[in-house]
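> The sequence and its predicted three-dimensional model are supplied below.
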Amino acid sequence: MELELFRQDLIQTSTCATGTLAVLPLTEEKKTQKVAAGDMSGVVQCFSVKKGEFNVAFKTLPSAANKASGGHPGTGRLLRRRLHQGLRLVTSLVLGKGKSQKDKIFVAAGNQIKGVNKKGKEFFRFNTQLTETIRRVDVFEKNIWSAGEYVHNHFIEAKDKALYLCPDRINDAEVVPLANPAELWPVLACQDRYGVCCAAYVVDSHDPQHRFPNAKEVFGIDFTKTGLNNIVVGREDGGVEVLDLEEAGQLRTVYSIKLTESINTLDGGFLTGLLAQEFVMHTFSGKEEERRASYYKQIDRLRAEISTLKQEIEAERQRFQMKGGDTAMLAMSAPFTVQDKCKLEADEACYVLTIESAVPIFTVAIQCNAALQMLDVPSNVAILSRSPPDEANGNLTLATYRCQDSTNRLAVKFKVREGRSAALSAFVLPAISPKACVVVRHTIRPLCLHQRIVQMDTSRPTNELLITGQFTGGDAHTWVTGLLPDIPPTLPPGQDGASYVFQNTLLGTQLLCRYRGGEARFVSDLVSTLGIIHEHVMREATNAKLRVNVSFNPSAQSLQHSVALVWPQLEKQRTLKKTYNMLEGLAELKMQDGDISYLSQDYKSVLDRADKIRQEYKEQPQHLDHLVALIKDLYLDYCKLTGVATPKQRLPALEQLLNDTSSTLEQLMEFLLGQR
């Protein structure tokens, strides 16, 4: 059964953090349920909808620090910076879990926790004195659990009870009744893909079957009225799905929609009536929408809201004109916030920089001191313009995305070669006046195409790089964090070393990093990876004036194994280039003769796939050059680490061999091992 749900916009708040909306339980009078929401301006409000009428139960004032600043606070790294400046931004909003706390609202702002009842009266305030921002809070009777970026705390009657320092970043936290309903246990979802419960690790505990990829919010509600809850999934890219469980135990999508901004919070209940349940969404820009199976037309209320907005816009326009209008040179902070995330897409071995703004985006300029291969994103409503590299100033990538339609979200997709660290900057300009700009920055690490995995495949032939010397475990950890993504900034508590396993998303090779004070061991089946590590560590050790000793244990079988992984991709790109060159001649022949029945079936197949071949070839030269450069680096690194002198005159011959479509893997291996 497919669901047909209708949209209704409820309120517009300031930009919001994740987990800052909750639906209060039903009352004895069986009225519609109230909704409580907090935002980044420090406002907490509670409202209800009955018979199409919007009623506000209470609404607090913005934080004093935020009003004085004259702008809206940002998210992500901006969130931490503004909290340090004294702003009280709502970072978590939940309902109490105790019997008498079901309708009590608990709000975390900075390092403070306060409780308010459904009428807006504050009955509790607790300053935790924590140095981290509270990202998640849970309350059960006299117990309070708070989760920051790395630390999880437990308080009883506002006094410290327990503390857990997580070895990696905490993405989310919850307390659940594992043993019995009266005893709650904290469960943490960590960046290292482990779940933590009472200091015990559970591998891949969040969705081990990967049924909800890229899910940001998941909750249950009975839409189909079968007595079983449907699963509602909200994603970072704005996708929303309602899933139903079939008799065979399989999940089936009964409703889906794609919004233009990320879903920060989902909840549900009887929001506008008692006949059917609805779910409410809180998006990044502060929009609160609900989806339901019935629909009330509220034309009068919407017209009144539009009239009020027009008056506010006119008042702001007059105030702006009094200050000089478009010709005025006004010094001001950016009047909008930006949420950004740079994520590695393992399936495609590329990065996606997602930029989301509270106001429509006009243009985004990309600057990087590394050569990036910009890729097309079908969902983008922007035109990509590339500029020539400015090597004199270190700008190897300059590109601009100009939005054609009104959009608050833009995705920048690119490929990058491993080898050196790089700085990526994105300049976001909104489609509002006066013009302002927000700059977001990300660091691309030397081994940026590696992602964390649980364990290494010991059956592979590997090379080993051993570094010893007078350095601490903290020094070695600093080297590793500068090389690889998704590494905690500090060592695990109470340990002088650590061990991590990574996999190269482009080639499938693996890397083991195991280090402690005085010794760092790196094992990989790809020599180039160890070459990059060797170069980075020697540079950092020299800058820190540390003396280190390096030993390398090579494996010829590993070299052959690595080349064999690259070879299928190289052959595919060479064949594509050959097919494209053939296509141009066949297309000209078809245009001149018309009748091509005399051609072989292979040639006809090339003409039938003409559009697909041309589309793939648009990016082919960069792909082919990347693979050729990768094998050349592999050869140079192997010779360098094994102490073999590499004649410069052999590199042109190697490049010619790699571009020759008739060459074989055996010929390439003979060349790399010096047998020809």
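Yep, it's here. Numbering: from 1, shown residues only.

> Give me the distance between the two termini of stretch 253-264.
21 Å (C-alpha to C-alpha, to the nearest Å).

> What average pLDDT does it get?
Averaging pLDDT along stretch 253-264 gives 85.

> Test my guess that A370 contacts I444.
Yes: A370 lies in contact with I444 (C-beta atoms under 8 Å); the separation is 6.3 Å. Any C-beta I mention is one placed from the backbone N, CA and C, and that applies to glycine too.

> and the strand ranked longest in the chain, what other elements does it pack with?
Criterion DSSP state E: the longest strand present in the chain is strand 170-180. Applying 3 or more C-beta pairs under 8 Å, 6 or more residues apart in numbering; DSSP states H and E, we find strand 170-180 packed against strand 136-140, strand 143-147, strand 183-190.

> The last one relative to strand 170-180, how many degrees between them?
Put plainly, it is strand 183-190. 150 degrees (axes from the mean of the first three to the mean of the last three C-alpha atoms, to 10 degrees).

> what's the angle between strand 183-190 and strand 143-147?
Between strand 183-190 and strand 143-147, the angle comes out at 0 degrees (the same axes, to 10 degrees).

> average pLDDT for stretch 587-599?
Rounded mean pLDDT across stretch 587-599 is 73.

> End to end on that stretch, go ahead and measure it.
Stretch 587-599 has an end-to-end distance of 12 Å (C-alpha to C-alpha).

> Show me the contact partners of it.
Identification of contacts with stretch 587-599 by C-beta atoms under 8 Å, 6 or more residues apart in numbering yields 586, 603-604, 607, 610.

> Would you mind giving those as JSON lines with secondary structure and neighbour count added?
Formatted as JSON lines, those follow (DSSP: H, G, I helix; E, B strand; the rest coil; neighbours: other C-beta atoms under 10 Å):
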{"residue": "L586", "secondary structure": "helix", "neighbour count": "17"}
{"residue": "Y603", "secondary structure": "helix", "neighbour count": "17"}
{"residue": "K604", "secondary structure": "helix", "neighbour count": "14"}
{"residue": "L607", "secondary structure": "helix", "neighbour count": "16"}
{"residue": "A610", "secondary structure": "helix", "neighbour count": "15"}
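
> can you pull out the helices in this protein?
Assigned helices in the chain, in chain order: 64-69, 77-84, 299-322, 473-483, 527-543, 556-593, 601-608, 610-617, 620-642, 650-659, 665-672 (criterion: DSSP state H).

> rank these by pLDDT, which is bottom?
Mean pLDDT is lowest for helix 77-84 among those, at a mean of 42.

> pLDDT of stretch 102-114, averaged?
On average, stretch 102-114 scores 92.

> Buried residues of that stretch, list them for me.
Buried residues in stretch 102-114, defined by neighbour count with 16 or more other C-beta atoms under 10 Å: 104-111, 113-114.

> just the CA coordinates of that stretch, formatted as PDB?
Extracted C-alpha coordinates of stretch 102-114, given in PDB (Å, rounded to 0.1, in the frame of the first residue of the first chain):
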ATOM      1  CA  LYS A 102       7.000  12.900  30.200                       C
ATOM      2  CA  ASP A 103       5.700  16.500  29.500                       C
ATOM      3  CA  LYS A 104       8.800  18.200  30.900                       C
ATOM      4  CA  ILE A 105      11.200  19.900  28.400                       C
ATOM      5  CA  PHE A 106      14.900  19.700  29.000                       C
ATOM      6  CA  VAL A 107      17.200  22.000  27.000                       C
ATOM      7  CA  ALA A 108      21.000  22.000  26.700                       C
ATOM      8  CA  ALA A 109      22.700  25.200  25.700                       C
ATOM      9  CA  GLY A 110      26.500  25.400  25.900                       C
ATOM     10  CA  ASN A 111      27.400  23.700  29.100                       C
ATOM     11  CA  GLN A 112      24.100  24.400  30.900                       C
ATOM     12  CA  ILE A 113      21.000  22.300  31.200                       C
ATOM     13  CA  LYS A 114      17.600  23.700  32.100                       C
END
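
> ok now it, how far from the chain's centre?
Put simply, stretch 102-114 sits 27 Å off its chain's centre (C-alpha atoms, centre = their mean, to the nearest Å).

> Now do the shared contacts for A370 and I444.
Common neighbours of A370 and I444 (criterion: C-beta under 8 Å, 6+ apart): 416, 422, 424.

> tell me which of those is nearest to I144?
L424 (39.4 Å; C-beta to C-beta).

> Neighbours of that closest one, how many?
When neighbours are defined as other C-beta atoms under 10 Å, L424 has 22 of them.

> Test my guess that it contacts I355.
No: counting by C-beta under 8 Å, L424 sits too far from I355 to count as a contact (11.8 Å).

> where along the stretch 151-300 of the chain do the strands fall?
Along the stretch 151-300 of the chain, the segments classed as strands by DSSP state E, counting those that start in this stretch run 151-156, 159-165, 170-180, 183-190, 194-197, 200-203, 215-221, 230-235, 239-245, 251-258, 263-269, 278-283, 287-292.

> Quickly compare these and say which is most buried.
Per residue and on average, the most neighbours among the strands of the stretch 151-300 of the chain fall to strand 278-283, with a mean of 25 (mean count of other C-beta atoms under 10 Å).

> could you dump the strands of the stretch 151-300 of the chain to CSV with distance to V364?
Below are the strands of the stretch 151-300 of the chain laid out as CSV (distance: least, C-beta to C-beta, whole Å):
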stretch, distance to V364
strand 151-156, 35
strand 159-165, 38
strand 170-180, 26
strand 183-190, 31
strand 194-197, 35
strand 200-203, 38
strand 215-221, 23
strand 230-235, 22
strand 239-245, 22
strand 251-258, 21
strand 263-269, 22
strand 278-283, 20
strand 287-292, 22
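
> Now the weakest link among these, please, by mean pLDDT.
Of all the strands of the stretch 151-300 of the chain, strand 200-203 carries the lowest average pLDDT, namely a mean of 42.

> For T272, see how far away L641 is.
In this view, L641 and T272 are 68 Å apart by C-beta to C-beta, to the nearest Å.

> Neighbour count: those two, which is higher?
Neighbour count, other C-beta under 10 Å: between L641 and T272, T272 has more, with 24 against 20.

> Setting aside sequence neighbours, what's the nearest residue to that one?
Once flanking residues are discounted, T272 sits nearest to V49: 4.7 Å by C-beta to C-beta, 6 or more residues apart in numbering.
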